[in-house]
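Asks: Got a predicted model here, sequence first, then my questions.
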Amino acid sequence: MTEGVGRKMNVLIILAHPDRGSLNHAIAGAVRDDMRAEGHDVVFHDLYAERFDPLLVADEIPEDTDIPPLIQSHCRELCSADGIVIVHPNWWGQPPAILKGWIDRVFRPGLAYRFQEGDSGEGVPIGLLRAKAAVVLNTSNTEKARENAVFGDPLEAIWRNCIFELCGIRSFHRRTFRVVVTSTKEQRAGWIEDAKLLCRSAFEPGTRNQTPEDAHHADPLRDAGQREGGL
């Protein structure tokens, strides 16, 4: 393990961009390699390359249902992660549809969050994820001033408030690299270094996030109501 890294962490990296020659791929690959060089255990998914199916079907929605083995695997990786990195472009102020579908299918009730007893879903969720921190790395062709003034930077609210904070992750970091279409090779190289440094800083040694339901993570699928025979 690299000197200065006090504890190995489980880092989950999710990439969502269809072009293997994209800046997103370069960023995700560099962060993956750097996290491994820092001594962390890394799980890496390129959703497009893996042809991840983003469609959440009705039979998959109930908390106590049996879910497909691939989704079980993704759920276990999410629940075991001490750090999460998401890499994607800004498309229409949203993540690509394949990434939204990954959230729909993997951030399941009983695994990523739950409601109080007697709450049918109208109340404030309790976050269950154990991750210490989450990092979102975006690319954009919109100037920052226009993004904030005209669009209000919806990705900030989506990732910080609607997803990670709701699921119990208290330390959130996000960086947007812009404007890609007018950038130079030197700028892009600098952005890649910035992404690596941000992830190193976010996942510095320390106690992982402790949630009220910490004991659930010994076997998260079973404790979320999954029938063990379906695993």
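Replies: Cool, got the structure.

Asks: what ranges do the strands span in this protein?
Replies: 10-15, 41-46, 83-89, 113-114, 126-127, 133-139, 171-177 (DSSP state E).

Asks: Those strands into CSV, with extra columns for distance to residue 95 and mean neighbour count?
Replies: C-betas here are computed from N, CA, C, even on glycine. Shown next, in CSV, are these (distance: least, C-beta to C-beta, whole Å; neighbours: other C-beta atoms under 10 Å):
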stretch, distance to residue 95, mean neighbour count
strand 10-15, 10, 23
strand 41-46, 14, 18
strand 83-89, 5, 25
strand 113-114, 18, 20
strand 126-127, 20, 18
strand 133-139, 9, 24
strand 171-177, 12, 17
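
Asks: Same list, these, but as JSON lines with distance to residue 57 and mean pLDDT please.
Replies: Formatted as JSON lines, the strands of the chain follow (distance: least, C-beta to C-beta, whole Å; pLDDT from 0 to 100):
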{"stretch": "strand 10-15", "distance to residue 57": "21", "mean pLDDT": "99"}
{"stretch": "strand 41-46", "distance to residue 57": "20", "mean pLDDT": "99"}
{"stretch": "strand 83-89", "distance to residue 57": "23", "mean pLDDT": "99"}
{"stretch": "strand 113-114", "distance to residue 57": "21", "mean pLDDT": "95"}
{"stretch": "strand 126-127", "distance to residue 57": "25", "mean pLDDT": "96"}
{"stretch": "strand 133-139", "distance to residue 57": "27", "mean pLDDT": "99"}
{"stretch": "strand 171-177", "distance to residue 57": "30", "mean pLDDT": "98"}
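
Asks: Export these as TSV, with columns for distance to residue 157.
Replies: Formatted as TSV, the strands of the chain follow (distance: least, C-beta to C-beta, whole Å):
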stretch	distance to residue 157
strand 10-15	19
strand 41-46	24
strand 83-89	15
strand 113-114	17
strand 126-127	17
strand 133-139	12
strand 171-177	11
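
Asks: Check the offset of stretch 197-204 from the chain's centre.
Replies: 15 Å (C-alpha atoms, centre = their mean, to the nearest Å).

Asks: In that stretch, which residues are buried?
Replies: 198, 199, 200, 202, 203 (16 or more other C-beta atoms under 10 Å).

Asks: Out of these, the closest to residue 55 would be?
Replies: residue 199 (30.3 Å; C-beta to C-beta).

Asks: re earlier: so of the buried residues of stretch 197-204, which ones are in helices?
Replies: 198, 199, 200, 202 (DSSP state H).

Asks: Quick check: pLDDT value at residue 160.
Replies: We have a pLDDT of 98 for residue 160.

Asks: Could you do residue 220 as well?
Replies: So residue 220 comes in at 50 (pLDDT).

Asks: out of the strands of the chain, nearest to residue 25?
Replies: strand 10-15 (6.8 Å).

Asks: For that closest one, which strands pair with it and how are they oriented?
Replies: strand 41-46 (parallel), strand 83-89 (parallel) (DSSP bridges).

Asks: what would the ones in helices among the buried residues of stretch 197-204 look like in CSV with pLDDT and distance to residue 92?
Replies: Formatted as CSV, these follow (pLDDT from 0 to 100; distance: C-beta to C-beta, whole Å):
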residue, pLDDT, distance to residue 92
198, 98, 25
199, 98, 26
200, 97, 31
202, 97, 27
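
Asks: Pull out the buried positions in stretch 112-121.
Replies: Per 16+ other C-beta under 10 Å, stretch 112-121 contains these buried residues: 112, 113, 114.

Asks: low pLDDT regions in the protein?
Replies: Across the chain, residues meeting the criterion (pLDDT under 70) sit at 1-6, 205-231.

Asks: If anything else comes up later, I'll come back, but that's it for now.
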